[in-house]
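Visitor: Need the 3D shape of this:
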Amino acid sequence: MLIIASCHWYAVVLASQSDSQQQRWASLGGGAGLAYVFVHLLPELASGGSELSETIGMIAYAPTHLVEALLFFVALLGVLVVFSIDVLAQRQTSLSPISSWLHLSSFAAINYLYAYSLPSLISTGILYGVLFTVAVASHILLADRFSVIHHPRRFRQRNRWIGSAALVLGLLNAFLLHPISDLTLAFATAFLGGGLLMTVFREELPAVNSTRLLWFLSGSGGMAILLVIPMFRHA
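Guide: Down below sits the predicted model:
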C-alpha cells in the first residue's frame, strides 16, 4: 500500500521529467496494465462465477452462467461509471465543478477498492498481490501525472491527499470488517477490473505517435510472463 501512496507524490517528479522520459514510463506502464487485465483480471472474472456458485451456494438460487454474467455486469458498471465521469469532466459547462468531484471520487474509489481487496488477494498468493500492486500503481502514477500537468494546484492541495486517505480507509475496512465475504470481494474486484479496463484503454495506452514500442512490449511481456509463471507451478 505504501507503493501506491508514494505514487501520489512521485507523480510530481515524473511530470517534471522530459517528454521522452514520460513517454517511456507511459509506454511501460500501459503495457503492464494491459497484460494484467487480459492475462489475469478477465480470466478471474470468467472463472469467478462458477467458484462463487460452489462456495456460497448460489447454485441453488441461480445457474452458474447467470452468476458469471452478473460479475461481468458489475465490471461493465465499472467501465460505464469511469467513462461517464470522463465525459462529464471534459465538458466546460456549469457542471465542471461537479464533474471534477465525480472524477476525484472515482479515483478515490479505485484506491479504496484496491486497499480493501489486497489482504485477501495476498492470502491466496503473494506474487499476485505484488503484480496487482504494480498494475494499480502504473494506473495511478499515469493518472496523477495528467493531473499534475493540467491541474497542479488542485492536485497538490486536494487530489493526492484524498487518494492517500482512500487507501487508508480501504485497508482499515478490510481488517476491521474481516473476513470479507466472497461475494463482496468478487463484486469489488469486478467493479475495480471494469474501471481499470476503461482507464487502460483511455489513459494508459499511449498515442501511436508517442509510443515507445520497445518499452510498451517490455511492460506487457514482462507482466504476462510473471502472471503465467504461477500457473505452471500449480499445474
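
Visitor: lowest-confidence helix or strand of the protein?
Guide: The helix or strand of the chain with the lowest confidence, counting by mean pLDDT, DSSP states H and E, is helix 42-55 at a mean of 64.

Visitor: What's the first helix or strand after it?
Guide: helix 64-90 (DSSP states H and E).

Visitor: Now do that following helix, average pLDDT.
Guide: Regarding helix 64-90, the rounded mean pLDDT is 77.

Visitor: list the helices and strands it packs on?
Guide: helix 42-55, helix 96-124, helix 182-199 (3 or more Cβ pairs under 8 Å, 6 or more residues apart in numbering; DSSP states H and E). Quick note: C-beta positions are derived from backbone N, CA and C, even for glycine.

Visitor: count of neighbours near Ala15?
Guide: 17 (other Cβ atoms under 10 Å).

Visitor: For it, give me its contacts.
Guide: Contacts for Ala15 (Cβ atoms under 8 Å, 6 or more residues apart in numbering) come out as Gln22, Arg145, Val148, Ile149.

Visitor: Also Ser220?
Guide: Neighbouring residues of Ser220 by Cβ under 8 Å, 6+ apart: Gly31, Ala32, Leu34, Ala35.

Visitor: between the strand or helix carrying the third one and helix 182-199, what angle do the directions make?
Guide: Counting by DSSP H and E, the element that carries Leu34 is helix 19-36. Computed by axes from the mean of the first three to the mean of the last three Cα atoms, to 10 degrees, the angle separating helix 19-36 from helix 182-199 equals 140 degrees.

Visitor: buried ones in helix 19-36?
Guide: 22-36 (16 or more other Cβ atoms under 10 Å).

Visitor: just stretch 215-235 next, same as before
Guide: In stretch 215-235, counting by 16+ other Cβ under 10 Å, buried: Trp215, Phe216, Ser218, Gly219, Ser220, Met223, Ala224, Leu226, Leu227.

Visitor: Sweet, I'm off.
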